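Q: Here is my input; please provide its structure:
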Amino acid sequence: MMEMTGLDNMYGDAKHAINQLKKIKCTWTYQGEDFDYWETDCGHDFCLMEGGSPTKFEMNFCPFCGKPIGEAWRKWDDKT
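A: Numbers count the residues shown, from 1 in each chain. Got it, this is the predicted structure:
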């Protein structure tokens, strides 16, 4: 039988691993200045036919790599 301190250590290790996995995301960057699509960290492009964001359509995971989606809205220069 394991001591409680051993179980506590195992629980702490598992909790740490879960927290690390939560940080892993596939960031989708919006490319809307000239085009209306999203570039993914995993190397794909994705177009939402009705516009909007992955969050708007309740997309939680990247269909290409399976990681949780993180959104990034690209800022364009005001230079013309």
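Q: so residue 48 sits right up against residue 63, yeah?
A: No: using C-beta atoms under 8 Å, residue 48 is not in contact with residue 63, being 12.0 Å away. C-beta coordinates here come from the backbone N, C-alpha and C atoms, glycine included.
Q: which stretches of the protein aren't confidently modelled?
A: Within the chain, the ranges that satisfy pLDDT under 70 run 1-11, 17-23, 33, 74-80.
Q: switch the cut-off to 80
A: Where the chain drops to pLDDT under 80, the residues are 1-23, 32-35, 49-51, 73-80.
Q: Quick one: the helices in the chain, in order.
A: Ranges of helices in the chain, per DSSP state H, are 4-23.
Q: can you map out the strands along it?
A: 26-31, 37-40, 45-46, 69-73 (DSSP state E).
Q: Return the distance of residue 46 relative to residue 66.
A: Taking C-beta to C-beta, to the nearest Å as the measure, residue 46 falls 14 Å from residue 66.
Q: So if I had to pick from these two, which one is more boxed in?
A: residue 46 (15 against 9; other C-beta atoms under 10 Å).
Q: Give me the spatial nearest neighbour of the more buried one, chain neighbours excluded.
A: residue 38 (4.8 Å; C-beta to C-beta, 6 or more residues apart in numbering).
Q: How about residue 42?
A: Going by C-beta to C-beta, 6+ apart, residue 42 has residue 65 as its nearest residue, at 4.0 Å.
Q: Lovely, talk soon.
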